[in-house]
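> Turn this into a structure:
(2 chains)
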Amino acid sequence: MTVRNRLHGLVEFGDEQRRHRLVVVIATCIALLVASPVVWMVVRAVGAPSDAFALLVSPGTLQVLVNSVVVVAAVSLFSVCIGVPLAVLTVQTDLPFAWFWTVTAALPLVIPEYIGAFAFSSAFGPHGAFADALAPLGVSSIPTIYGLQGTVLVFTLFTYPYVFLTTRAGLLSVDGTLVEAARTLDRSSIGALREVVLPQVLPAVSAGVLLTALDALADFGTPAIMHYDTFMRQIYVQYNNYAQPGYTALLSMELLVVVAVVLVLESRVSGDANAGFSGGGSGRPGRLHLGRWRWPAMLFPAAIAVLAIGVPLAILVQWYYRTGTTYAGFAFQLSDVLHSVEVSALAAVAALIAALPVAYYAARSNSLPSMIVDRVSYVGYAVPGLVLGISLVYFGTAFVPALYQTLPMLIFAYVVRFLPQAVGSVRSSFLQVDETLTEAARTLDHPPLSAFRRVTLPLVAPGLAAGAALVFLTTMKELQATLVLQPTGFRTLVTYIWKVQEAGYYSEAAIPALVLVGVSALSMLVLLARERYDV
Amino acid sequence: MSDSHYTRPKSTGERNADRTRSVGGPSDDTTDDGDVGDVVLRLDDVTKRYGTEEAVTDLSLDVREGELLTLLGPSGCGKTTTLRLMAGLERPSEGRVELNGDVVAGDGAAFVEPEERGVGVVFQDFALFPHLNVRENVAFGLTDLDDDAVERRVDDLLELVSLSGMGERAPDELSGGQQQRVALARSLAPEPDILLLDEPFSNLDVRLRVRMREEVREILKKAGVTAVSVTHDQEEALSISERVAVMNDGHIEQVGRPGDVFEDPESRFVASFLGQAGFLGTQICESRIETTIGTYDHDLLRGYADQYVGATVDTLVRPDDLRATPANESTADGRITKRQYTGPSFVYHVRLDNGDEVRCMHNHAERFEVGEPVAVELVADHALAWYPTE
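Just a heads-up that it's a prediction; the model follows:
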């Protein structure tokens, strides 16, 4: 069988590639198009005036670099400290109500970080809900939420689920008989966990940490709300000030270098990251018995759930009931929702169309070019939305002013950003269609196109739908590229929330924020239904 | 030791004992009674390379109308690649594939795609379309018929494979044997000129495998279709095929009727791959042949001719050709080195005094211990195949 598989792989160089030359060309073009914003950023940075370079190594910039690294390192560490024990507790032990705690542990991911950050600054800030509640008890001041601690707290609470979910998937894919084998070789159940299970889930943990780290690097909303200078906040401020034209590009480049370092570090640790994502095992032999700690152990997931789900939801509801001052200019309108739906739907369709050839090529060929095309299509994943948006602004203003601040440009940004989600979903469904099915169709007198239409397409349809749904839902809550690229006067749910937050009208944000949390929850459902935790 | 029993009346296996063969290598005989049908499919010096690796090398083979031919060989010998070349799922690097006299691949002729060939394939994992029910699967290849004709044809086929009434089921609601029958019906539906079966029974459990073997053979014969199957299971190949082509390392070692191939393997590889084989060092003398366990008449060697006098050869002995008897140190020919219990019988491995390893089959009541000295007696009632000494 292995020989046959190997030979099948080699065939791709010959017969199949000849047949799919058109697909290859289209897939390559899409990959190049998606990677182009990075190229524009490089061009812009290289052409920056020399005093901008001086700024780059100024103490202020270095401070920002250090701040970002500290945030990323701390968030990664704390995410592992929360995510891995939660995964082990829910998967590998006899924790009561394990399924319930699995859901609550994953749920914080559905709260967009900027909404979480509003909620926490509102709850724990000076004169916030928490301070008000404590005031009658004689507590006059609480430690400030602003700064490093708040930033790390919010990032950790709303991104640790990445680590939880990938670790959980990794644990589930560990063959339970290995644990039993270790037990028969005189290991205790904790020893087996440490020596057999955890080493195997290390790639999965590191994949989760990667997602967490990229999120923490890329988000500027949270540091802005928490008054803490990181790269992204600096880039956003610089961009809005137009102070130093080349400086923003240089900062972005520097950030991309940090992203690249994170990616390299992750691939060093994980080796084959896919190992952690392979199918779920059935039955969990080798479970840890918690004994008398069984019930007290629930305190840990419960505390995390209260902080990461309870606090933000309570605050949003409280905002809604608080009759705050309203300002006519900021009234929430139905058109905001319609705009969100419109751009999201367009982005979903466009991303799906772009994903089809790339995913098909990646799934049906093991050649080096196909791997490169596949990897390049993931560029948007690592590039923060703000950097992507700024790069497209440069490109638009310099070369095609007609496209600057238009809907097509915004949609293109979304496609670049979320193509990996569509590709991942579509590729995995192509991979699930056994190639012998198409071969069978060919031997039953159906030419390639007819075989694709009658056999492959019906079988991948659910995967395509899931991919499109995922892009739709994540576009709905995308903040950064939207802020930079939105056409003038084109307000969406997220830009509305951002505006009222900046102006301090929190109560206006309650309903749209709750809507967004609901939308995010839906996208989580799509993810769980597909059993893919790596998007 | 007596040398009298080999001079019994000749067995059927000796029918071509008088043909000439050279000591230099296998002869290229084709079996006489296979020539009846016309050639449906011909591979002519076909080579298939993947990069620098040759999966199939200069392979030539004729498949004749109405026969069931099996490509038999160990995994990695190129048999599945050969099947895929026949189906048009692979293109030959060199050589030519002919179907019904037309060149369908190679020699500068336009490559005929699988859907244009009129070739049916039963895949190893059956490859039933999971989104279609049984009827829709069977009807999938019936692209040229009107709806009524399709319904009638599907009914006929489901009856042929004894699945009438199962038409609305989804493939995953069927047992392994039923899935195989659907796959068979689906590939037979468009009335292919030739049916190709890739390891058709390997996905079934052992007991079902034996039953399906018979059932599939019956269905193929009822449908009157020419078929090529691929397997690594010698028992399967010998029991269902009209002809067997034994493959090794990308080429065909021998083609022939199962009995002929088993009894008269043309190479050591074929001898060893089909059944258990031992080789007796043999000296051909003027009037007799001499081995370490006794001397015998020339007729013991299949196809003996006087020109071989003086040559040293290896004679093929299978476990049922030999018997061990208890002996003392002075009369022994060798010692038992291993005992293999197979249920109804024992196979004893004996290392002879000259170092040859042979095997003897005994019923389960006869017991020897490992290390025991034994005399070995030749009890074959047919002439034996032999090979130049390596």
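> Around the closest residue to chain A within the stretch 101-250 of chain B, how many other residues sit close by?
Using Cβ to the nearest Cβ, the closest approach of the stretch 101-250 of chain B to chain A is made by B:G141 at 3.2 Å. C-betas here are computed from N, CA, C, even on glycine. B:G141 has 23 neighbours, counted by other Cβ atoms under 10 Å in any protein chain shown.
> for B:L174, same thing?
Neighbours of B:L174 under the rule other Cβ under 10 Å: 18.
> Thought B:M166 was touching it, still the case?
Yes - using Cβ atoms under 8 Å, B:L174 makes contact with B:M166 at a distance of 7.1 Å.
> Need the contact partners of stretch B:150-170.
If you take Cβ atoms under 8 Å, 6 or more residues apart in numbering or on different chains as the criterion, stretch B:150-170 is touched by B:130, B:133-135, B:138-139, B:142, B:145, B:174, B:178, B:181-182, B:184-185, B:188-189, B:219, B:222-223.
> try 10 Å
The contact list for stretch B:150-170 (Cβ atoms under 10 Å, 6 or more residues apart in numbering or on different chains) reads B:128-139, B:141-145, B:173-174, B:178, B:180-191, B:215-216, B:218-219, B:222-223.
> what does stretch B:205-214 give?
Outside stretch B:205-214, the residues that touch it by Cβ under 10 Å, 6+ apart are B:175-177, B:180-181, B:184, B:200-204, B:215, B:219, B:231, B:233, B:235-236, B:239-240.
> Write the PyMOL selection for whichever of those residues are buried.
Provided next is the PyMOL selection string for whichever of the contacts of stretch B:205-214 are buried by 16 or more other Cβ atoms under 10 Å in any protein chain shown:
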select buried, chain B and resi 177+180+181+184+200+201+204+215+219+231+236+240
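> How far off centre is the biggest helix by length in chain B?
Ranked by residue count and defined by DSSP state H, the top helix of chain B is helix B:206-223. Its chain's C-alpha centre and that of helix B:206-223 lie 17 Å apart, by Cα atoms, centre = their mean, to the nearest Å.
> what mean pLDDT does it have?
For helix B:206-223, mean pLDDT rounds to 88.
> And for stretch A:483-499?
Taken as a whole, stretch A:483-499 carries a mean pLDDT of 87.
> Whichever residue of the stretch 101-250 of chain A sits closest to chain B: which element?
Using Cβ to the nearest Cβ, the closest approach of the stretch 101-250 of chain A to chain B is made by A:T177 at 21.7 Å. In the assignment (DSSP states H and E), A:T177 maps to helix A:176-184.
> Buried residues, that helix. List them.
A:G176, A:L178, A:V179, A:A182, A:R183.
> Adding distance to A:H339 and pLDDT, write those out as a markdown table.
Shown next, in a markdown table, are those (distance: Cβ to Cβ, whole Å; pLDDT from 0 to 100):
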| residue | distance to A:H339 | pLDDT |
| --- | --- | --- |
| A:G176 | 50 | 73 |
| A:L178 | 52 | 75 |
| A:V179 | 52 | 74 |
| A:A182 | 56 | 75 |
| A:R183 | 58 | 73 |
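> hmm, what's the outermost residue in the chain?
In the absence of a named chain, chain A is used. Note on chain A: the largest C-alpha distance from the chain mean falls to A:D445, namely 44.1 Å (Cα atoms, centre = their mean).
> I was after chain B.
In chain B, by Cα atoms, centre = their mean, B:S330 is the one farthest from centre (42.3 Å).
> my guess is the residue of the stretch 101-250 of chain B closest to chain A meets A:A451, correct?
No - judged on Cβ atoms under 10 Å, B:G141 makes no contact with A:A451 at a distance of 11.3 Å.
> Which neighbours do those two have in common?
By Cβ under 10 Å, 6+ apart, the residues touching both B:G141 and A:A451 are A:A440, A:A441, A:T443, A:L444, A:D445, B:E115.
> rewinding a little: helix or strand next in line after the longest helix of chain B, which one?
The element immediately downstream of helix B:206-223 (helix or strand, assigned by DSSP H and E) is strand B:226-231.
> Give the partner strands of that following strand in its sheet and their orientations.
strand B:68-72 (parallel), strand B:194-198 (parallel) (DSSP bridges).
> In chain B, mark out all the helices, start to finish.
Using DSSP H, helices in chain B cover B:79-87, B:134-139, B:147-160, B:176-188, B:206-223, B:234-240, B:258-263, B:268-273.
> Check these for me and report the most buried one.
Comparing those on average neighbours per residue, with mean count of other Cβ atoms under 10 Å in any protein chain shown, the densest one is helix B:79-87 at a mean of 25.
> quick check: angle from that helix to strand B:68-72?
If you take axes from the mean of the first three to the mean of the last three Cα atoms, to 10 degrees, helix B:79-87 sits at 140 degrees to strand B:68-72.
> From the contact counts, what lies against the longest helix along chain A?
Ranked by number of residues, the top helix in chain A under DSSP H is helix A:59-92. Packed against helix A:59-92 by the contact rule (3 or more Cβ pairs under 10 Å, 6 or more residues apart in numbering or on different chains; DSSP states H and E) you find helix A:50-56, helix A:98-106, helix A:148-173, helix A:198-218, helix A:221-225, helix A:231-241, helix A:245-270, helix A:299-305.
> what's the nearest residue to B:M247 once chain neighbours are set aside sitting at in phi/psi?
Take B:M247 and drop its neighbours on the chain: the residue closest to it by Cβ to Cβ, 6 or more residues apart in numbering or on different chains is B:G73, 3.5 Å away. With angles defined as degrees, to the nearest 10, B:G73 sits at phi -180, psi 170.
> now B:G73: how far from chain A?
B:G73 sits 12 Å away from chain A, going by Cβ to the nearest Cβ, to the nearest Å.
> check contacts around A:P59.
No contacts exist for A:P59 under Cβ under 10 Å, 6+ apart.
> B:L316 contacts B:L300, correct?
No - B:L316 sits out of contact with B:L300 when judged by Cβ under 10 Å, with a separation of 11.3 Å.
> who's in contact with A:G518?
With Cβ under 10 Å, 6+ apart, A:G518 has these contacts: A:V110, A:M476.
> got the contact list for the nearest residue to B:V313 once chain neighbours are set aside?
Among residues not flanking B:V313 along the chain, B:W386 sits closest, at 4.6 Å (Cβ to Cβ, 6+ apart). Counting by Cβ under 10 Å, 6+ apart, B:W386 makes contact with B:21, B:23, B:271, B:279-280, B:282, B:284, B:289, B:300-304, B:308, B:311, B:313-316.
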